[in-house]
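> no letters, just coordinates:
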């Protein structure tokens, strides 16, 4: 797994492919989702463009490289070392509310994984200190992961994802969460900080070679 920063969201397909070429990997392996903040997850066995999906899953034997682009939302990476199944999920507040990470787990289980074997990594994203939401959004999440901040609320989206994954059978000891914040780190793209000028972090997950 690895990630790279790209300059403009409109160039996600072009720049993702360009990065892939620089890594000297056959771009026919590359699977690129066109993300729409859905909870749609697809099983992938070949490279290509996958429209209206925010999560993809596969097996290392398929020789596919999954990709994902984020700029504050949580990239959720999953791997089962026994079956070699893996998944990459884009989970903003909408996807988290719709339990997209849990849907990815269900898809891995459908393809012979055991929930207790799946290892999860939540990558760089916005921290709760900088993730201010209104009451209508706050009401969608557990009180444990919401903190009142004046007339607004702070959402701990990574903690919510962790809680949801544990409820669907993932061992908490197998969940690893980075504290790195896209908003605080000026070297990383943040939509909350930079608006439409924000670039994207593109994650890759799969077997290289």
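That came through, no problem. Because the structure is a prediction, the values reported are computed rather than measured.
> got any ranges where this protein has weak pLDDT?
Applying pLDDT under 70 to the chain picks out residues 1-28, 208-209.
> which residue is nearest the centroid of it?
residue 75 (2.2 Å; CA atoms, centre = their mean).
> which other helices and strands contact the helix or strand that residue falls within?
Secondary structure assigned from DSSP states H and E places residue 75 in strand 74-79. Strand 74-79 makes packing contacts with strand 85-91, helix 100-110, strand 119-122, helix 157-167, strand 200-205 when contacts are defined by 3 or more CB pairs under 8 Å, 6 or more residues apart in numbering; DSSP states H and E. Quick note: C-beta positions are derived from backbone N, CA and C, even for glycine.
> ok, now which ones touch residue 131?
72, 154, 155, 156, 157, 192 (CB atoms under 8 Å, 6 or more residues apart in numbering).
> in ChimeraX, how would I select the buried members of those?
In ChimeraX, this line selects whichever of these come out buried by 16 or more other CB atoms under 10 Å:
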select :72,154,155,156,157
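> would you turn the contacts of residue 131 into CSV with distance to residue 94?
Shown next, in CSV, are the contacts of residue 131 (distance: CB to CB, whole Å):
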residue, distance to residue 94
72, 12
154, 17
155, 12
156, 16
157, 11
192, 15
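> now, the most widely separated pair of the contacts of residue 131?
156 and 192 (14.8 Å; CB to CB).
> one step back: grab the nearest non-local neighbour of the residue nearest to the centre of the chain.
Nearest non-adjacent residue to residue 75, counting by CB to CB, 6 or more residues apart in numbering: residue 123, 4.2 Å away.
> quick one: that neighbour from residue 109, how far?
Distance of residue 123 to residue 109, computed by CB to CB, to the nearest Å: 22 Å.
> more neighbours, the two?
Neighbour totals were compared for residue 123 and residue 109, and residue 123 leads with 21 against 18 (other CB atoms under 10 Å).
> I'd assumed residue 181 was in contact with the more buried one.
No - using CB atoms under 8 Å, residue 123 makes no contact with residue 181, being 11.6 Å away.
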